[in-house]
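Asker: what follows is a predicted structure for the sequence shown.
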Amino acid sequence: TQRIFSGVQPSGNLHLGNYLGAVRRWVKLQDDYPCIFCVVDLHAITVYQDPEALEHATREVAAAYLAAGIDPQQHIVFNQSRVPEHAELAWLFNCIVRLGWLNRMTQFKDKAGKDKEAASAGLYVYPTLMAADILAYRATHVPVGDDQKQHLELTRDIAAKFNHDYADRIAAKGLGVTMQMGEETVEGYFPLTEPLIDGPATRVMSLRDGSKKMSKSDPSDLSRINLTDDADQIAKKIRKAKTDPDALPSEVAGLAGRAEADNLVGIFAALAGRAKADVLAEYGGRQFSEFKPVVADLAVAVLAPISAEMRRYLADPAGIDAILRDGAERARAIASQTIAETKSIMGLLDQ
Ligand code: AQP
């Protein structure tokens, strides 16, 4: 059986990158798969979060999921810390993952900055918790932005090592499932989860620097469009977005080496549901002074209904909490079975 899992950290305001790279794609996937969408609060605290801001951001991310069109009845929406099995499975996986694997993670290097000694141990083992988030539900597909590709590979490595190290126990207990991996048929307890990374906005870049991804934690608010920004803020940020002095090219190849131009065209294409080539066929030859207002108008048209819905949900925090609590109960029913089976495979006396 196929299942989707994905999440966003409540580490600040959701931005256009989170929306186009992740949440908007989830809305479509929920027609085809059973889905579990998590607000990953335990990931957020790998760097210090002001407690009150974290409470608010957790509800805000949940509100964004609902406002974007996720159905919490048909699917599962919850916050990670309410399901203790995530942290428990992460420990078991910390004993599977190798230090060498963690040492290769580029996100740790980026987020820890120069002073690695001062980073939390949680930030270092973040990818193990992410593997646990996914595998607690034995999810087969994870829609993410391009930045999460390496973490997904690590999740597969952890699943494969577990399946290999405990192959005999898995078979003896009859807990293995057969999986088709391309040409090959493999047997194991945990699936080798596939990332779903597609569309024109798998990596939305900062509006101020085309070499950095748009990020919640960028100190400059001008670098990102938040889902809660109003029309004036969106227009101002796009007007101030860094570009180059040349006109738009008429073909995609002409965007090479023009990161900022590429980014704005990609944002427009994603918002419009069109291919970049199609956008350039229409706007090639125009100056940014003409193109930017068109991008701003479309961003406002797409985002304004979502932010209005978010405000409506946020006006009733108790309502959001009830949805998260209900989702957590249903999530826990699945995750607790995985934990019980994983422990029994590993030889940990439980029941
Ligand atoms: N710039 C982006 N373009 C496309 N997709 C993106 N995602 C994040 N940034 C972009 C996708 O959004 C989902 C949730 O990300 P996250 O909150 O779990 O963590 P992150 O990737 O670390 O996001 P941020 O915004 O950069 O947060 P901070 O600043 O706190 O680290 C993921 O699917 C991610 O790929």
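Answerer: It's in. Numbering: from 1, shown residues only.
Asker: nearest spatial neighbour of residue 228, chain-adjacent residues omitted?
Answerer: Sequence neighbours aside, residue 307 is the residue nearest to residue 228 in space, at 5.4 Å (criterion: CB to CB, 6 or more residues apart in numbering). Any C-beta I mention is one placed from the backbone N, CA and C, and that applies to glycine too.
Asker: what ranges do the helices span in the stretch 151-300 of the chain?
Answerer: Applying DSSP state H, counting those that start in this stretch to the stretch 151-300 of the chain gives helices spanning 167-172, 231-240, 259-272, 276-283, 288-314.
Asker: list the buried residues of the last one.
Answerer: For helix 288-314, burial by neighbour count (16 or more other CB atoms under 10 Å) applies to 288, 291-292, 294-296, 298-300, 302-303, 306-307, 309-310, 313-314.
Asker: show me what the least confident helix or strand in the chain by mean pLDDT is in contact with.
Answerer: When each helix and strand of the chain is scored by mean pLDDT, DSSP states H and E, strand 177-181 comes last, with a mean of 82. Strand 177-181 is contacted from outside by 185-189, 191-192, using CB atoms under 8 Å, 6 or more residues apart in numbering.
Asker: got a quick ChimeraX command for the buried subset of those residues?
Answerer: Buried members of the contacts of strand 177-181, defined by 16+ other CB under 10 Å, are picked up in ChimeraX with:
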select :186,188,189,191
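Asker: for the contacts of strand 177-181, give me a markdown table that also has pLDDT and distance to the ligand.
Answerer: Shown next, in a markdown table, are the contacts of strand 177-181 (pLDDT from 0 to 100; distance: CB to the nearest ligand atom, whole Å):
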| residue | pLDDT | distance to the ligand |
| --- | --- | --- |
| 185 | 85 | 30 |
| 186 | 82 | 26 |
| 187 | 88 | 30 |
| 188 | 95 | 25 |
| 189 | 97 | 25 |
| 191 | 95 | 19 |
| 192 | 94 | 19 |
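Asker: can I get the contacts of strand 177-181 in TSV including distance to residue 98?
Answerer: Output for these, formatted as TSV (distance: CB to CB, whole Å):
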residue	distance to residue 98
185	26
186	20
187	23
188	18
189	19
191	20
192	17
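Asker: just the closest residue of the stretch 101-250 of the chain to the ligand, please.
Answerer: residue 145 (2.5 Å; CB to the nearest ligand atom).
Asker: show me what contacts the closest residue to that residue other than its chain neighbours?
Answerer: Here the nearest residue to residue 145 in space, its sequence neighbours aside, is residue 21; by CB to CB, 6+ apart that works out to 3.3 Å. Contacts for residue 21 (CB under 8 Å, 6+ apart) come out as 144-146, 201-204.
Asker: wasn't residue 21 part of a helix?
Answerer: Yes - counting by DSSP: H, G, I helix; E, B strand; the rest coil, residue 21 is found in a helix.
Asker: now it: how far from residue 74?
Answerer: When CB to CB, to the nearest Å is the yardstick, residue 21 and residue 74 sit 23 Å from each other.
Asker: do the same with residue 143
Answerer: 17 Å.
Asker: what about these two, which has more around it?
Answerer: Looking at residue 143 and residue 74 with other CB atoms under 10 Å, you find the greater number of neighbours at residue 143, namely 25 against 10.
Asker: residues in contact with the more buried one?
Answerer: Here residue 143 is in contact with 4, 6, 22, 25-26, 29, 195-197 (CB under 8 Å, 6+ apart).
Asker: which stretches of this protein form strands?
Answerer: 4-8, 35-39, 76-79, 141-143, 177-181, 184-188, 194-196 (DSSP state E).
Asker: ranking the ones you listed by mean pLDDT, which is last?
Answerer: Mean pLDDT is lowest for strand 177-181 out of these, coming in at a mean of 82.
Asker: so where do the helices sit in the stretch 1-150 of the chain?
Answerer: 16-18, 24-29, 41-44, 51-68, 85-94, 99-103, 106-112, 121-135, 149-165.
Asker: okay, the ones you listed in CSV with mean pLDDT next?
Answerer: Listed next are those as CSV, based on pLDDT from 0 to 100:
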stretch, mean pLDDT
helix 16-18, 94
helix 24-29, 94
helix 41-44, 98
helix 51-68, 97
helix 85-94, 98
helix 99-103, 97
helix 106-112, 92
helix 121-135, 98
helix 149-165, 97
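Asker: spell out which residues of the protein are next to the ligand.
Answerer: Within the chain, the positions adjacent to the ligand are 8-9, 11, 17-18, 21-22, 144-145, 147-148, 201-204, 213-217 by CB under 6 Å from any ligand atom.
Asker: filter these down to the buried ones.
Answerer: Counted by 16+ other CB under 10 Å, the residues of the chain next to the ligand give 8-9, 11, 17-18, 21-22, 144-145, 147-148, 201-204, 213-216 as buried.
Asker: pLDDT averaged over the longest helix along the chain, what's the number?
Answerer: When the chain is scanned for its longest helix (criterion: DSSP state H), the result is helix 317-346. Averaging pLDDT along helix 317-346 yields 98.
Asker: other SSEs contacting it?
Answerer: strand 35-39, helix 51-68, strand 76-79, helix 85-94, helix 167-172, helix 288-314 (3 or more CB pairs under 8 Å, 6 or more residues apart in numbering; DSSP states H and E).
Asker: mind listing what's buried in it?
Answerer: Buried, per 16+ other CB under 10 Å, within helix 317-346: 320, 323-324, 327-328, 330-332, 334-335, 338-339, 341-343, 345.
Asker: could you do stretch 132-146 as well?
Answerer: Neighbour-count burial for stretch 132-146 [16+ other CB under 10 Å]: 132-145.
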